[in-house]
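Predicted model and sequence follow; I will ask about them next.
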Amino acid sequence: MDPQGWAVGSVVEQLGRAQVLSLAHFKGVSDDPWALLATWRPRVARHVVTFWRPPPQGAVKLNTDARVARKKVAGGGLLRDHKGRLIFAFYKEFGEVDVLTAESLALLQRLLFCNRGRVQRLLVEVDSEGLVRLLDSGGLAKWPLCNSLRQIKALLQSFNATTVHIFREVNAATDKLAAMDLEDDFFCMSSLQLPREVRAIVLLDSRGVPCVRTQVGRA
């Protein structure tokens, strides 16, 4: 397109943003390339109500997460039963690794713990879409992430389980635990030993209290 065409396109887009132009102005010629610019729509926020779902009776659910807080990469996780009651919780620092590697290490360590505890029916949820895609696709990754992914897949297969992606708002308890910036690694098997903020979210989850997720899109 020539410079003059670009200039016209810019003007049309600005008029579209100002809502001066619309499809009505291109009636009969809706295939005009400038029509797409004239139909610019502003971004709007939509609020979606969601909540953490307990596993079915006889199964347990593992949620894990990793965060960077004050230049420290740490992970956390919770294992809960069908009533939302805590079975165990953990917090662990992973040193100088990227967040995706920390996500995989957090999941791997807790899967190993579940395996030693002879968990029968396991559901797994994380809020890292990248980790879920790697596990589902079998894509290549750099070391040590590739080694963690290989072990995670083997453990998931032994549980006949898959890793499901959930929104961060639904994973709030684990997200809060991973971001606690504690001085030492932490493990407990009682909700009374959880940090107060995490314990409150676990209680709300067990009672099915919903949370609100804000999604931004075109009007």
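Arrived safely, thanks for sending.

Touching stretch 158-171 from outside, list them.
50-52, 63, 65, 107, 111, 114-115, 119, 121-129, 131-132, 135-136, 152, 156, 175, 211-213 (Cβ atoms under 8 Å, 6 or more residues apart in numbering). Where C-beta positions appear, they are placed from N, C-alpha and C, glycine not excepted.

Where helices are concerned, which of those residues count?
Of the contacts of stretch 158-171, the ones assigned to helices by DSSP state H are L107, L111, C114, N115, E129, L131, V132, L135, D136, I152, L156, D175.

Tell me who's in contact with the fourth one.
It stands for N115. Applying Cβ under 8 Å, 6+ apart to N115 gives the contacts L155, S158, F159.

Of those, which is the most crowded?
Highest neighbour count within the contacts of N115: L155, with 19 neighbours (other Cβ atoms under 10 Å).

Quick check: the gap between the closest residue to it other than its chain neighbours and S158.
Computed as Cβ to Cβ, 6 or more residues apart in numbering, the closest residue to L155 that is not its neighbour in sequence is L111, at 4.2 Å. Applying Cβ to Cβ, to the nearest Å, the value for L111 to S158 is 9 Å.

now swap in K142 and tell me
On the measure of Cβ to Cβ, K142 and S158 end up 25 Å apart.

do the same with R53
Separation of R53 from S158 (Cβ to Cβ) stands at 24 Å.

residue contacts, the residue nearest in space to the middle of the chain?
Central residue of the chain (Cα atoms, centre = their mean): D127, 2.0 Å from the mean position. Contact analysis of D127 by Cβ under 8 Å, 6+ apart lists D65, H165, I166, F167, R168, V170, N171, T174, D175.

Try it again at 10 Å.
For D127, the contact set (Cβ atoms under 10 Å, 6 or more residues apart in numbering) comprises 63-66, 103, 165-172, 174-175.

Buried ones among the ones in helices among the contacts of stretch 158-171?
L107, L111, C114, L131, V132, L135, I152, L156, D175 (16 or more other Cβ atoms under 10 Å).

Most widely separated two among those residues?
Farthest apart among these by Cβ to Cβ are L156 and D175. That separation is 21.7 Å.

before we move on, the earlier item: got a quick ChimeraX command for the buried subset of the contacts of D127?
Here is the ChimeraX selection string for the buried members of the contacts of D127, based on 16+ other Cβ under 10 Å:
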select :63,64,65,66,103,165,166,169,170,171,172,174,175
